[in-house]
Structure formats: C-alpha cells, structure tokens
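1. Below: sequence and its predicted model.
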Amino acid sequence: MSTVNSKDVARLANVSQSAVSLVFSGRYQGRVSEKTREKILCVAKELGYQPNINAQILRSGNSRTVAFIVPDIQQPYFGKVVHAAELSATKSGYSLILLDSYANKQWSEHLFSLFQSKLISGCIIYSCEKKHIELLENYRDKLIFIESDDEKNNDILLDIDKTIKSAFSITHKMKRFKVGFFRSDIPRQHFLNRHKLFNNEFESLNYVEKSKCVVYSSFNLAEATQNAASLLQQKPNIVFCDDDLLAGALYRAAKQLNITIPKDVAVIGFNDTDLCNYLNPELSTVKIPTQYIGELAIKMLLDKISDRKEPIKQEVIKLEIITRGSTQF
C-alpha cells in the first residue's frame, strides 16, 4: 500500500502543496483562508495523512510542540489547567507534551534535552523552584512561569492576598474564631506565601478568645486522614485547607470522629475541583479559573516565541470564594 503524502492531499483538495505545508506547519494565518484550511484538514483526515514532524523541524528549525511542566499531574487542579492548555495549543497548530516535576526529579535535564534537540519550541512551568529557574536562564525567552518560587520570574500570578482576606470574612460572618489550618507539607514558595497571609489575617482577628491550630500533611489519603483527625481533635470550629483533596480527607476524619460539618466545624478548601460537589455537604472553596489560566499560558508562550516584539506583561489572576454547604449553618 502506497504512503499518503502532502501531494496527494493537495491534489484531492485542489490546492497547492505549499498551502498544505502552511496549514500543517501552523503558518497559514494570512496566507490560507479558514475555509481552505478546513478543506485541507478534512481531506487529510479522509486519506489518513500524517505530516512528518521530524522533517518539518529539519526544514524550519522550529518545532510545533511545546511542553508543560506541573508539580503533580495526579492533582485534579493541574489536570484541568493542562487540558485547557492542550486544547488551546491544538487550535493554534501546536501539540503539547507533559512532564511531572514531582514524579520526575530529572525533569530539568529532560527539558534541556528537548530544547537542544529542537523537539520543543517553548515551555510552560507551573511552580518552579529557584534553583531550576537559574539553570534555565538561557532559555528564559522560551519559558512562561506560573506561580514560580522567584517573584521576579513570574508571568502568571494568583491574587492570593485579596483571596485570603475574603476567605477570612467567613469567620466573621459565622462568628467562628477557633481557626484550624490544614496545610500542605510541600515546601514550595506559593504555599509558604499563602501560609504567611493566613497567619497575618488570623493575627488581625479582633477577638479575645481566638485560637489557632496548625497541622501539615502530604496528599496521601491515609496519611492526610490521620493528620486531619489530629487537627479535629484540637476542636477548631472552622478549618482552612490548602487543597480540596486535604478537605476531602478532613471530611473522612470528621465522619470517623462523629463530628458534623458545618455544625461542629466549617470547612473551606482551595481550587474548586469536582470533588467539592461530591462531598456532603458540598465544600466551600477558592475557585481558580483553570481554563483561563491554561489558555492564557499558551497564548503568552506563543506570543513570546513568535516574531512579535511586544514584551510579555505579567498577569495577576483574580480568584473567587465559592460558598456552599460546608460554611452555611
């Protein structure tokens, strides 16, 4: 059986071979109409045509692939961000590969290899440690950082300050000042900044009998449930969790200890994952616009690696407190 090539696609679509090449290289804007592009893609699908990616790289010196590095792909939050980024990249004619910086401790070496072999043209890194930022300095013009450990190297930031203040307004509304913090034990700067802001807001509470109890945990369900039980035994009447997954573990521990949510303890999560709606009562949480962040990161990266000369401006993402049953009593 003969191999289908771009000439076959061009002939059946009644277009030039260069038009086919422009469409599959992603350089069709302003050169090939959207109607013609759709016709070419339709014909290519019918014929089962797949462009030779390696040949494209050799001809152009550029890859139509970008990388996305996250600290833990198993967390639902990062899965949603990456999913939105992949859809956005595809629309722009790019493919996306994923690396997990938690599971793959040599991810930076892998990234170097991808850049040096020209298999990728750029990369988005979520939550990058300072030591890696320094190592990647020579590739800064091909990188977008989200919530990195270095404040000077952040292209996308979350507006945590205002968010924490809004979250603490719930303590005033419910008149609950025995505050518990269920915190991630991951020593990353964005968690540390969040913890500092929580402490500042607690100190500003104008209530004589206020108290604070803090417990750290991994995201392992068994360990998190055990740590959550330890926290609840200190009898807080409202608990802020670093993540919806930790809040889920707190629910499990509360059930084991016959503690009722929100009658005995109100609970607030972080990220607004699907888990919030599965819990009973539904979990109040901090909503992060995952789709917008994924799409924005891809747009910023493609703008950066293109021929455009405009500097990339830092974006600060506004967050929203979603109140549900876990804080309604």
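-> That came through, no problem.
2. Strands of this structure, residue ranges please.
-> If you assign secondary structure with DSSP state E, the strands in the chain sit at 65-70, 95-100, 122-126, 143-146, 156-158, 178-184, 211-217, 238-241, 266-268, 285-287, 315-317, 320-322.
3. all helices in the stretch 201-329 of the chain, in order from the N-terminus.
-> For the stretch 201-329 of the chain, the helices defined by DSSP state H, counting those that start in this stretch occupy 221-232, 244-256, 275-278, 290-305.
4. can you check the stretch 51-200 of the chain too?
-> With DSSP H, counting those that start in this stretch as the definition, the stretch 51-200 of the chain shows helices at residue ranges 53-60, 76-91, 107-116, 130-135, 160-174, 189-203.
5. so for the fifth one, what's the average pLDDT?
-> Per-residue confidence for helix 160-174 averages out to 90 on the pLDDT scale.
6. right, and the helices of the stretch 201-329 of the chain - which one's nearest Gln328?
-> Between Gln328 and these, the tightest spacing by C-beta to C-beta is seen for helix 275-278, at 13.4 Å. C-beta: built from backbone N, CA, C; applies to glycine.
7. Compute the first-to-last residue distance for stretch 303-318.
-> With C-alpha to C-alpha, to the nearest Å as the measure, stretch 303-318 spans 22 Å from end to end.
8. got the contact list for that stretch?
-> Defining contact as C-beta atoms under 8 Å, 6 or more residues apart in numbering, one finds that stretch 303-318 is touched by 121-122, 141-142, 144, 154-159, 162, 288-289, 292-293, 296, 300.
9. and Lys91, how many neighbours?
-> The local packing of Lys91 (other C-beta atoms under 10 Å) involves 10 other residues.
10. pLDDT at it, what is it?
-> 85.
11. Could you verify my assumption that Lys210 touches Arg176?
-> No: Lys210 is not in contact with Arg176 according to C-beta atoms under 8 Å; the separation is 9.7 Å.
12. between the two, who's got more neighbours?
-> Neighbour count, other C-beta under 10 Å: between Lys210 and Arg176, Arg176 has more, with 20 against 14.
13. List the residues that contact the more buried one.
-> Taking C-beta under 8 Å, 6+ apart, we find Arg176 in contact with 237-238, 266.
14. and with 6 Å instead?
-> By C-beta atoms under 6 Å, 6 or more residues apart in numbering, the residues touching Arg176 are 237-238.
15. Helix or strand with the lowest mean pLDDT in this structure?
-> The helix or strand of the chain with the lowest confidence, counting by mean pLDDT, DSSP states H and E, is helix 53-60 at a mean of 51.
16. could I get the helices of the stretch 51-200 of the chain as a markdown table with distance to Ala229?
-> As requested, the helices of the stretch 51-200 of the chain are arranged in a markdown table below (distance: least, C-beta to C-beta, whole Å):
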| stretch | distance to Ala229 |
| --- | --- |
| helix 53-60 | 52 |
| helix 76-91 | 23 |
| helix 107-116 | 34 |
| helix 130-135 | 35 |
| helix 160-174 | 22 |
| helix 189-203 | 21 |
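17. most packed of these?
-> For those, average neighbour numbers computed from mean count of other C-beta atoms under 10 Å are highest in helix 76-91, which has a mean of 19.
18. Which other helices and strands does that helix contact?
-> In this structure, helix 76-91 makes packing contacts with strand 65-70, helix 290-305, judged by 3 or more C-beta pairs under 6 Å, 6 or more residues apart in numbering; DSSP states H and E.
19. right, and the ones you listed - which one's nearest Lys35?
-> Short answer: helix 290-305, nearest of these by C-beta to C-beta, at 23.2 Å.
20. And the pLDDT for the residue lying closest to Ser166 once chain neighbours are set aside?
-> Counting by C-beta to C-beta, 6 or more residues apart in numbering, Ile321 is the residue found nearest to Ser166 once chain neighbours are left out, at 4.8 Å. Here, the pLDDT recorded for Ile321 equals 94.
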